[in-house]
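Asker: Coordinates for the following, if possible.
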Amino acid sequence: MSVLLEFAMFPTDKGESVSEYVSQIIKMIHDSGSDYQLTPMGTIIETDTLSQAMTLVESAYQVLDDAGCDRVYSSLKLDIRKGKNNRLKGKVESVRNRIGDVHC
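Answerer: Numbering: from 1, shown residues only. Below you'll find the model as predicted:
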């Protein structure tokens with residue numbers, strides 16, 4: 001099974017720039033050993049189970065809670081597929097192979 005989770009999580013009570021807090025979440029994800037891709041609007045992770053994905057979401061919230069954040073916003077999207085793996089890279093490669101020389 002492959003679980004792709006695209007999510008964003010950040011405090012809404014810490015001012016206009018929250019990269020200090022988001023970077024702590026990214027470090028936690030990196031340290032977890034899960035494959036991930038940071039994007040300007042969120043982070044995409046791939047896990048073997050839904051439980052692992054949700055544990056990372058809970059851990060991300062805990063990072064912000066430990067940092068003294070009183071209000072947190074989050075959005076999540078899931079793509080769960082049985083019988084597949086390495087979709088974080090594979091899905092992008094599949095599209096790139098179909099469009100040839102176009103750079104994306």
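Asker: quick one: residue 77 and residue 7 touch, right?
Answerer: Yes. Using Cβ atoms under 8 Å, residue 77 is in contact with residue 7, at 7.2 Å. Bear in mind the C-beta positions are built from the backbone N, C-alpha and C, glycine included.
Asker: who's more crowded, the two?
Answerer: A direct count of neighbours by other Cβ atoms under 10 Å for residue 77 and residue 7 places residue 7 higher, at 18 against 11.
Asker: what about the closest residue to the more buried one other than its chain neighbours, distance to residue 49?
Answerer: The shortest distance from residue 7 to any non-neighbouring residue, by Cβ to Cβ, 6 or more residues apart in numbering, is to residue 76 (4.5 Å). Using Cβ to Cβ, to the nearest Å, residue 76 is found at 15 Å from residue 49.
Asker: again with residue 59
Answerer: Residue 59 is 15 Å from residue 49, by Cβ to Cβ.
Asker: do residue 14 as well
Answerer: Here the criterion is Cβ to Cβ. By it, residue 14 lies 32 Å from residue 49.
Asker: same check, this time on residue 31
Answerer: 19 Å.
Asker: quick one, which of those two is more surrounded?
Answerer: residue 49 (12 against 9).
Asker: Pretty sure that one sits against residue 2.
Answerer: No. Using Cβ under 8 Å, residue 49 is not in contact with residue 2, being 9.5 Å away.
Asker: Tell me which other helices or strands the host helix or strand of residue 98 touches.
Answerer: Counting by DSSP states H and E, the element that carries residue 98 is helix 87-99. For helix 87-99, the contact count by 3 or more Cβ pairs under 8 Å, 6 or more residues apart in numbering; DSSP states H and E identifies strand 2-11, strand 35-39, strand 42-47 as packing neighbours.
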